[in-house]
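1. Curious how this folds, go ahead:
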Amino acid sequence: MPVIKITEAGVARIEPPKKDRVDYWDKAQPGFGLRVTSTGHRSWQIMYRTGGKRKRLSLGDWPALPLKLAREAAAQALKQVGDGHDPSRQRTAVTGGAVTVDHLARSYLERHARRNKKSWQADEGMIRREIIPAWGRRGAAGIARRDVIEIVESVAARGHPYAANRLLALIRKMFAWGCEVDLVESNPGRGVSAPHREVARERFLNDNEIAELWSAWTQQGWPFGALFKLLLLTGQSRNDISSMRLEDIQFQSRVWTPPGARSHGGHTHELPLSDFALELLAALPRSKSGLVFPAGPRATTPVTGYSNAVAKSRKLSGVEGWQLRDLRRTAAVGMVRLGAAPELLDRVLNVRSGTAGGVRGIYQLAAEMDEKRRLLNGWAEQVRQMTGTQSGL
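-> Numbers count the residues shown, from 1 in each chain. Have a look, this model is predicted:
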């Protein structure tokens, strides 16, 4: 944790870290500091002790809150600590007013979603597109059930009923987390009904559709064409594939370990890569960030813009009505046809109910890796035959 002289101009010059976040502490004002995340987000904070425990309190975001006001807020909060009070119980944002939705949303992303959810990027996208424009500057405590109903119904009215359901679920989770960490007192999403009754999709691609789409993906090229091919070959989630890094691939042993991809049993998810998948990866361009599918040549975040890419695939292939999640389902169906046992398929798809521990667990995992490799190679060869492809591309 570096200690520096924090200045307004200096804050803008601090380079974001490649991963996670870095806390910078001020030489002039002990306990006051700046947190910088890999996304470039900068927020003021204080660190203090109360009840024998060390606590961190976020004061607000830079540049919305300038250094001068942040110092004043920090001094006021630290004075409360000196007087024997816990400033976090005031439920106030930096300026002394109510916690805003913007502050609640950013705190939820940084302190919960990024650490615990593989789908945190989907949450971040909905927050940026829907929640912040509508509620960002409002006090979180002032959001009522009527507000939740209106924002959710507005998304459904635009012709996106499933997205409306996802937004409602996010609002409920965000405010529930806010209650847990004492940022808000109530959850306005509780009791609000989902606007659309969802029916489980059963769509998977047939052999002809796979061949047509593979040809379209070849035309699309990198990044989306190759990304969609890997989704089909591996059966993994979109978030895991899109955030794939070269450093997580052991080319010699042909194993990929998605960062943070934990099974439901708490074990690291290791996936053998088929020869077909490795051929595809070997032919892709390399980025400076190490990401296989970066958002741009110099980007440090994964690619975005899936809706347009899927629409282009549909147009090029003539295959309509499919979604990205159907690629995972198609891979699962293909592996079942190859004779995959349900337990093995769960482990390939990273849906794990439990694993033996100790020495028995080590032997079990080793045998399981061989079984997974055989299954994924078998499925990859099926795809190769369907598409008439001699190489990954």
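
2. Show me what the helix or strand where Leu344 lies is packed up against.
-> Here Leu344 sits within helix 342-348, counting by DSSP states H and E. Using 3 or more Cβ pairs under 8 Å, 6 or more residues apart in numbering; DSSP states H and E as the contact test, the elements touching helix 342-348 are helix 325-337, helix 358-387. (Glycine included, C-beta is placed from N, CA and C.)

3. tell me which residues of that helix are tucked away?
-> Going by neighbour count (16 or more other Cβ atoms under 10 Å), the buried part of helix 342-348 is Leu344, Leu345, Asp346, Arg347, Val348.

4. just stretch 188-200 next, same as before
-> Pro188, Gly189, Val192, Ala194, Pro195.

5. Report the contact partners of the residue of the chain most remote from its centre.
-> The C-alpha centroid of the chain is most remote from Asp83, which lies 40.5 Å away (Cα atoms, centre = their mean). Neighbour list for Asp83: empty [criterion: Cβ atoms under 8 Å, 6 or more residues apart in numbering].

6. Quick one: the helices and strands packed on helix 342-348 as a markdown table, columns for distance to Gly142 too.
-> What follows is these, written out as a markdown table (distance: least, Cβ to Cβ, whole Å):
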| stretch | distance to Gly142 |
| --- | --- |
| helix 325-337 | 36 |
| helix 358-387 | 51 |
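
7. picking up where we left off before, and of the buried residues of helix 342-348, the nearest to Glu150?
-> Closest approach between the buried residues of helix 342-348 and Glu150, by Cβ to Cβ: Asp346, at 40.3 Å.

8. Would you single out the least confident of the helices and strands packed on helix 342-348?
-> For the helices and strands packed on helix 342-348, mean pLDDT drops lowest on helix 358-387, to a mean of 77.

9. Chain neighbours aside, what residue packs nearest to Pro302?
-> Leaving aside its chain neighbours, Pro302 sits nearest to Ser242 (4.2 Å; criterion: Cβ to Cβ, 6 or more residues apart in numbering).

10. What is the burial count for the one you found?
-> The number of residues packed near Ser242 is 23, by other Cβ atoms under 10 Å.

11. Looks like it contacts Phe293 (just checking).
-> Yes - using Cβ atoms under 8 Å, Ser242 is in contact with Phe293, at 5.4 Å.

12. Not counting its neighbours along the chain, what's nearest Arg329?
-> Among residues not flanking Arg329 along the chain, Phe204 sits closest, at 4.7 Å (Cβ to Cβ, 6+ apart).

13. Angles on the backbone of that neighbour, please.
-> Dihedral pair for Phe204: phi -140, psi 160, per degrees, to the nearest 10.

14. thought it was touching Arg325?
-> No - using Cβ under 8 Å, Phe204 is not in contact with Arg325, being 10.2 Å away.

15. Would you mind measuring the gap between the ends of stretch 230-238?
-> 10 Å (Cα to Cα, to the nearest Å).

16. Can you give me the distance of the residue nearest the centre of the chain to Tyr24?
-> In the chain, the residue lying closest to the centroid (Cα atoms, centre = their mean) is Trp120, at 2.9 Å. According to Cβ to Cβ, to the nearest Å, Trp120 and Tyr24 sit 24 Å apart.

17. Repeat that for Asn165.
-> From Asn165 across to Tyr24, the span is 40 Å (Cβ to Cβ).

18. Quote the end-to-end distance of stretch 1-13.
-> Length of stretch 1-13, first residue to last, Cα to Cα: 17 Å.

19. Which residues does it contact?
-> 22-28, 32-34, 42, 62-63, 66-68.

20. which one of these sits closest to Gly378?
-> For the contacts of stretch 1-13, the nearest to Gly378 is Val22 (45.2 Å; Cβ to Cβ).

21. would you say Trp25 is within a strand?
-> Yes - judged by DSSP: H, G, I helix; E, B strand; the rest coil, Trp25 forms part of a strand.

22. Tell me how many other residues surround the closest residue to it other than its chain neighbours.
-> Closest residue in space to Trp25, ignoring its immediate chain neighbours: Gly33 at 4.1 Å, by Cβ to Cβ, 6+ apart. The local packing of Gly33 (other Cβ under 10 Å) involves 24 other residues.

23. hey, what's Gly33 bridged with?
-> On DSSP bridges, the residues paired with Gly33 through beta bridges are Trp25, Gln45.

24. my guess is it meets Gln45, correct?
-> Yes - if you go by Cβ under 8 Å, Gly33 and Gln45 touch, sitting 5.5 Å apart.

25. For the chain, just list every one of the strands.
-> Taking DSSP state E as the test, the strands found in the chain are 3-4, 21-26, 32-37, 42-50, 53-62, 249-250, 255-256, 271-272.

26. which of these sits most buried?
-> With neighbours taken as mean count of other Cβ atoms under 10 Å, the strands of the chain reach their highest mean count in strand 271-272, at a mean of 23.
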